[in-house]
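Visitor: everything below, folded, please.
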Amino acid sequence: MNGMKLVFHDEAEFVLQGEEIFIGREPTNHLTIPVPQLSRHHARIDLVDGVWMLDDMGSTLGTTVNGEPVRSPRKLEHGDLIVFGRTVELKVIETDGDHDIEDG
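Guide: Residues are numbered from 1 along each chain as shown. The predicted structure is shown next:
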């Protein structure tokens, strides 16, 4: 199974590991993004049967993938653009463990 990571606009990376990842501005989240537009517990990513699924946790400003609001768990795919709270953009990149998988 190939892995996945989230890449911020400044090229910082967060590798998806484990079975669940909580995202928000609180430091208790696995991925803490301390900006006021994010809710304390904004979203979560779960590994379900080998597939990474993103869900918004009732955040105030929402989560979108490729411009579509996330209203229920949604499969993440290589190249997806996630936006948290209308301001934080991350790109989903599939990896083979050591290298990014190239588009093409």
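
Visitor: excluding chain neighbours, what is closest to residue 39?
Guide: Among residues not flanking residue 39 along the chain, residue 59 sits closest, at 4.0 Å (Cβ to Cβ, 6 or more residues apart in numbering). Using the backbone N, CA and C atoms, a C-beta is placed for each residue, glycine as well.

Visitor: ok, now which ones touch that neighbour?
Guide: Applying Cβ atoms under 8 Å, 6 or more residues apart in numbering to residue 59 gives the contacts 24, 38, 39, 42, 43, 84, 85.

Visitor: now, among those, which is nearest to residue 11?
Guide: Nearest to residue 11 among the contacts of residue 59, counting by Cβ to Cβ, is residue 84 at 17.4 Å.

Visitor: close enough to count as contact, that closest one and residue 42?
Guide: Yes: applying Cβ atoms under 8 Å, one finds residue 84 in contact with residue 42, separated by 5.6 Å.

Visitor: need the overlap of contacts for those two.
Guide: By Cβ under 8 Å, 6+ apart, the residues touching both residue 84 and residue 42 are 23, 33, 59, 63.
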